[in-house]
Structures are given as C-alpha cells and as structure tokens.
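Q: this is a predicted model, with the sequence first.
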Amino acid sequence: MNKLRAADSEIVIGTDIVVGFPGETDEEFIKTVELAKRMDWKLGFVAMYSPRPGTASDRIYADDIPYKIKKQRWEILDQIINKNNLKVRPKVV
C-alpha cells in the first residue's frame with residue numbers, strides 16, 4: 001500500500017469485506033478492524049454474511065453468528081472505512 005501511494009498520490013484503493021462469516025471469532029474481527037485502520041481504504045463495501053441456498057457456504061457452514069453481532073461488526077467497519085470517504089470519486093485511467 002505504501003509503495004502504491006508513493007508511486008501515485010491520487011491512487012484510490014478500496015476493499016470488499018464480509019462480516020459474520022460462519023466461525024468468525026471476535027479476535028479475527030478485531031484483526032480486520034486493525035487492518036482497516038492501517039490501510040486507510042478510500043472506499044469499501046462491507047456486507048453481512050447471509051446464507052444463500054445452494055451455495056457451498058450454505059451447505060458446509062452453519063450460520064452461527066447472530067444478526068445483532070453481524071450488524072454491530074458491519075457498523076464498526078463501515079464507519080472506519082467509509083466515514084470520510086463518501087465523496088471520493090476514483091479517477092478512471
């Protein structure tokens with residue numbers, strides 16, 4: 001990230017994150033929060049895991065993270081990633 005930003009100060013880097021994937025621990029989520037703070041992504045799509053019938057994750061994993069926890073995790077990451085970045089428009093090259 002540092003090398004990319006040093007090469008082009010106008011570069012916009014974003015991410016997609018799914019919170020509440022089956023088995024996600026508090027410790028794993030905290031590591032994701034720490035990463036989000038360090039990366040300073042300029043845009044991000046944060047989604048809450050929801051099982052989709054017929055998908056591998058639906059067949060293999062139990063949806064064991066309560067909605068309330070998924071929502072809290074979503075709010076935390078969305079605030080960190082998107083709080084000041086709502087007006088960012090990436091430059092298309």
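A: Great, that's in hand.
Q: rest of the way, CA atoms for contacts and neighbours
A: OK.
Q: can you give me the strands in the chain?
A: In the chain, strands defined by DSSP state E lie at 14-19, 43-48, listed in chain order.
Q: just put those strands in CSV and tack on distance to Pro66.
A: Below are those laid out as CSV (distance: least, C-alpha to C-alpha, whole Å):
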stretch, distance to Pro66
strand 14-19, 11
strand 43-48, 11
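Q: tell me the most buried of the ones you listed?
A: strand 43-48 (a mean of 19; mean count of other C-alpha atoms under 10 Å).
Q: centre-most residue in this protein?
A: Note on the chain: the residue nearest the mean C-alpha position is Ile17, at 2.7 Å, using C-alpha atoms, centre = their mean.
Q: so that residue bridges to which residues?
A: Here Ile17 sits in beta bridges with Val46, going by DSSP bridges.
Q: who's in contact with the top helix by length along the chain?
A: The longest helix of the chain (DSSP state H) is helix 67-82. Applying C-alpha atoms under 8 Å, 6 or more residues apart in numbering, the contact partners of helix 67-82 are 19-20, 29, 33, 36-37, 40-49.
Q: can you rerun that using 6 Å?
A: Residues outside helix 67-82 that contact it (C-alpha atoms under 6 Å, 6 or more residues apart in numbering) are 20, 43, 48.
Q: could you pull up the mean pLDDT of it?
A: Helix 67-82 comes out with an average pLDDT of 95.
Q: next: stretch 18-31.
A: pLDDT averaged over stretch 18-31 gives 97.
Q: convert the C-alpha atoms of that stretch to CSV, please.
A: Provided in CSV are the C-alpha atoms of stretch 18-31 (Å, rounded to 0.1, in the frame of the first residue of the first chain):
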residue,chain,number,x,y,z
VAL,A,18,-17.9,-9.8,4.6
VAL,A,19,-18.5,-9.7,8.4
GLY,A,20,-20.1,-12.5,10.3
PHE,A,21,-19.0,-15.3,8.1
PRO,A,22,-19.6,-18.6,9.9
GLY,A,23,-17.0,-19.2,12.5
GLU,A,24,-15.7,-15.6,12.6
THR,A,25,-14.3,-15.1,16.0
ASP,A,26,-14.1,-11.8,18.0
GLU,A,27,-10.3,-12.0,17.7
GLU,A,28,-10.5,-12.3,13.9
PHE,A,29,-12.9,-9.4,13.7
ILE,A,30,-10.5,-7.3,15.8
LYS,A,31,-7.7,-8.1,13.4
